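S.K.: What follows is a protein structure lacking sequence information:
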């Protein structure tokens, strides 16, 4: 019995199996790709600062309009860009806020601008809602609502005020109005 041809048959058969198996892999189609989605909601600090927290008009005549001669600056010191809302937080002792001045009723406006505005530059968009009313987004004199960025020149905005004093008052005591500015992350 000749064993050499059987060995060659075994070797050839082994080579054929290996080549056949390898070629099957080479010509096999790929499976369907699978995608995974990762979602994340960042948590960031929303934080505003007022460089100066008080503006004093001083003596102002009854039935007049007074525009602030200097601004208050709201600065974003947080970790996310913000829009800013404003509202009357605490009402004056003897005056109430209104849409038009009347006896013991004043109107207060706030607008953002890089320069001091004139009284005529303020519109109803800049008027505070009555005490207890909803907060309103800050509005610029040129329109739009400023977005304070987290760094650079865009992280600060100047606030200018216009006060329309009451048409008459029951007392000459000084009045204090507290305003609240709230940043909302975008």
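M.R.: Received, thanks. Given the structure is predicted, the values throughout are model-derived calculations rather than measurements. Residues are numbered from 1 along each chain as shown.
S.K.: distance of the most centrally placed residue in the chain from residue 134?
M.R.: Residue closest to the average C-alpha location in the chain (C-alpha atoms, centre = their mean): residue 82, at 2.1 Å. When distance is defined by C-beta to C-beta, to the nearest Å, residue 82 is 18 Å away from residue 134. All C-beta atoms are positioned from the backbone trio N, CA, C, and that covers glycine.
S.K.: for residue 91, same thing?
M.R.: On the measure of C-beta to C-beta, residue 91 and residue 134 end up 15 Å apart.
S.K.: Give me the more crowded residue out of those two.
M.R.: residue 91 (16 against 8; other C-beta atoms under 10 Å).
S.K.: Can you check the pLDDT for that one?
M.R.: Looking at residue 91, its pLDDT reads 94.
S.K.: Nearest residue to it in space, please, no chain neighbours.
M.R.: Closest residue to residue 91 apart from its sequence neighbours, by C-beta to C-beta, 6 or more residues apart in numbering: residue 131 at 4.3 Å.
S.K.: my guess is residue 64 meets residue 165, correct?
M.R.: Yes: with contact defined as C-beta atoms under 8 Å, residue 64 counts as touching residue 165 (5.5 Å).
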